[in-house]
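*Asks:* Task: produce atomic coordinates for the following.
(one chain, ligands or ions: 1)
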Amino acid sequence: MNTEWSLDSLYKGYDDPGFSEDMEKAAKCIEEMNEFSRDLSGDREENLKKILRLFEDQELLFDRLYSFCGLKSSVNTNDMESASYLGKLMALMSNGTKAETVLKKYISETENVEELAEKDPLFKEYKYYIEKAIDDARYQLSDEVEEALAKMNISGGDAWENLQSSLTSNLKVDYDGKTITLSDVRNLAYDPDPEVRKKAYDAEIASYEKIKEPVAFSLNSIKKETLTFCELRGFESPLEKTLHQSRMKKETLDALLEAMEEYMPMLRKYLKYKGRALGHENGIPWYDIFAPMGDSTKKYTIEEAKQYLKDIFDKFNPRMSEVVKTAFSNEWIDFYPREGKVGGAFCSGIGPVKEFRVLTNFDGSFSSVDTLAHELGHGYHDVMIQDHRPLNWGYSMPVAETASTFNENVVMNEALKNASSDEEKLSILESILMEVTQIICDIYSRFTFEKSVFDRRNDEFMSADQLCGLMKEAQKKAFGDAVTEETLNPFMWVCKSHYYSSHLSFYNFPYAFGGLFARGLYLKAVEGREEFLKKYNRMLEMTPVLDVEEAAMVCGIDLTKKEFWLKSLESYTDLIEEYGRLTER
Ligand SMILES: [Zn+2]
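*Replies:* Residues are numbered from 1 along each chain as shown. Sure, this is the predicted structure:
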């Protein structure tokens, strides 16, 4: 089996005539957009159709070209040819930005969406798209102001974002007589040796002193800019803007947060069990939160991973099993790490050919198999939406992790059932409970912190020490007495890039949303599979054209009710008790 992906269904290479043809077509498409945006005097309905078709052409061409160059570059970051084509594509795209804004504005001035949708199938398919354009336009400023803001953002918010990223990625951490990077030292939190974990934590904390002040400047500036832009655009708060971008109601977020608050004591119990097992009397120290537990030395080959996933999904969701089979046999997955290849894992949908590609850095561990299940879940979601027209190939952030996390639930529960020893069982329970504690307790602390920064930023500039104080308060609120107070990490705001975007705030609650939503769906699937799977597929298919609450309703779930979220959370209680029993021995 080929362990590298094939991109032949896109182009055979840069010398493929199809590639240069599409590059030319893409340039022409942008030209046509520019031309059309200068004269919109004709019949409104015809103009609308023409704009939608132009946008569709643009999407089809650029999606294909970007996918090809981007995917090639991700497995070989030293590939200069790909880098240069990516640059060309970006320049081409930016030639069309102005026209795109004008044409989108034209769409947003549509007054008779309902009527159009009844008359014409094209408008019917794009009803949600047009409605959202109208809705978004309420927060748009005049063309001149928008242009000025976008230009100034390069030296404003975006520059501050680059500063944080540059300072943290170049930070030299003094560890054990050596100099290592911040991400290296943070990875040592997973080391089996308790001494290594403690030393790494001390080194990490000490290293932040070198950059905390400039990073505090960066955070203060980004948050101030966000507040200013929100006020100019007429958003009540940055949170309101994020909810708007997420196509999600405030009631849903409130219900989710309330359920999290109610259930957190139970997760603290898990942390205390873990602390006790590691020899700590009063809660767990921060540096031991990620300590590995139990035994997870079992190794898998790629063939075994495929068989493992196929067996599980044959039973659970045959359509998912088909997707697994297709991805493995059609060379849609790039498995192993190699020089120049990016780290981590991702899935990238390729609408124009109704395919997707998955990149992983497979190391044979069970967690690698779980990662495959996760990414293939994204692929499954992509396949579900690719029958829509091209402008409906996206979905909002909160639902983006639904299918992937759903798959992880299936795989983890199957693994738990089949564990052959207590040690193996403990290691699986540990990864389930560690994950849920992160998306509930840690995410809760991040949300609380970001909210308090926004609440204060209008009136004051916060020093690094003040920010540390806020972070500590937030962590205490989330972890309570389960984590020893002296060991809390007050610098978590320095290292997490999520706080440093002026375009997207509160990039934290979507993790809690995604995890618990997928868990709730999984619980429903266990109750009555056949019936449920039909609804589940339908829901995934509808995610590009519905708000999150409406999408969940397809599966009969009311996201604005605390009960739904609480039920997802309560399903962990038995696992926590089992964990307590296993660690007691
Ligand atoms: Zn994911």
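
*Asks:* Am I right that V358 is in a helix?
*Replies:* No. Going by DSSP: H, G, I helix; E, B strand; the rest coil, the assignment for V358 is strand, not a helix.

*Asks:* Pairing-wise in the sheet, spell out the partners of it.
*Replies:* In this entry, V358 is beta-bridged to I333, C347, by DSSP bridges.

*Asks:* That one: how many residues sit nearby?
*Replies:* If you count neighbours by other Cβ atoms under 10 Å, V358 ends up with 22. In short, each C-beta sits where N, CA and C put it, glycine included.

*Asks:* just the one 10 residues further on next, same as before
*Replies:* Other residues near S368 come to 19 when the count uses other Cβ under 10 Å.

*Asks:* same for the helix or strand harbouring it, what does it pack against?
*Replies:* With secondary structure defined by DSSP states H and E, S368 is part of helix 366-385. Applying 3 or more Cβ pairs under 8 Å, 6 or more residues apart in numbering; DSSP states H and E, one finds that helix 366-385 makes contact with helix 302-316, helix 318-329, strand 346-350, strand 355-359, helix 402-418, helix 422-437, helix 529-542.

*Asks:* Buried ones in that helix, by neighbour count?
*Replies:* Neighbour-count burial for helix 366-385, with 16 or more other Cβ atoms under 10 Å as criterion, is recorded at 366, 368-385.

*Asks:* go on, stretch 485-493?
*Replies:* Within stretch 485-493, the residues that count as buried by 16+ other Cβ under 10 Å are 487-493.

*Asks:* Tabulate the residues you listed in JSON lines, adding columns for secondary structure.
*Replies:* Output for the buried residues of stretch 485-493, formatted as JSON lines (three-state DSSP):
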{"residue": "T487", "secondary structure": "helix"}
{"residue": "L488", "secondary structure": "coil"}
{"residue": "N489", "secondary structure": "coil"}
{"residue": "P490", "secondary structure": "coil"}
{"residue": "F491", "secondary structure": "coil"}
{"residue": "M492", "secondary structure": "helix"}
{"residue": "W493", "secondary structure": "helix"}
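
*Asks:* Quick one: residues contacting the residue lying closest to D422 once chain neighbours are set aside.
*Replies:* The shortest distance from D422 to any non-neighbouring residue, by Cβ to Cβ, 6 or more residues apart in numbering, is to L582 (5.8 Å). Contact analysis of L582 by Cβ atoms under 8 Å, 6 or more residues apart in numbering lists 294, 422, 425-426, 429.

*Asks:* distance of L582 from G294?
*Replies:* According to Cβ to Cβ, to the nearest Å, L582 and G294 sit 8 Å apart.

*Asks:* cool, F346 as well?
*Replies:* Using Cβ to Cβ, we find F346 at a distance of 28 Å from G294.

*Asks:* So for the two, which sits in the more crowded spot?
*Replies:* Taking neighbours as other Cβ under 10 Å, F346 and G294 compare with G294 leading, 19 against 13.

*Asks:* Please determine how far that one is located from A91.
*Replies:* For G294, the distance to A91 - Cβ to Cβ - is 52 Å.

*Asks:* Repeat that for G344.
*Replies:* G344 sits 28 Å away from A91, going by Cβ to Cβ.

*Asks:* what do you get for N162?
*Replies:* In terms of Cβ to Cβ, N162 sits 20 Å off from A91.

*Asks:* Look at these two and report which has more neighbours.
*Replies:* Set side by side, N162 and A91 show more neighbours around N162, with 13 against 9, by other Cβ under 10 Å.

*Asks:* Where does pLDDT dip in the stretch 451-585 of the chain?
*Replies:* By pLDDT under 70, the stretch 451-585 of the chain has no low-scoring segment.

*Asks:* State the pLDDT value of S183.
*Replies:* The confidence metric pLDDT takes the value 88 at S183.

*Asks:* okay, now it: neighbour count?
*Replies:* Using other Cβ under 10 Å, S183 has 13 neighbouring residues.

*Asks:* Need the nearest residue in space to it, chain neighbours excluded.
*Replies:* In space, S183 is closest to S169, 7.7 Å off (Cβ to Cβ, 6+ apart).

*Asks:* So what's the model's average confidence on whichever helix or strand the one you found is part of?
*Replies:* Counting by DSSP H and E, the element that carries S169 is helix 157-170. In this model, helix 157-170 carries a mean pLDDT of 93.

*Asks:* picking up where we left off before, make TSV from the buried residues of stretch 485-493 and add distance to A403 to it.
*Replies:* Formatted as TSV, the buried residues of stretch 485-493 follow (distance: Cβ to Cβ, whole Å):
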residue	distance to A403
T487	37
L488	35
N489	32
P490	36
F491	34
M492	29
W493	31
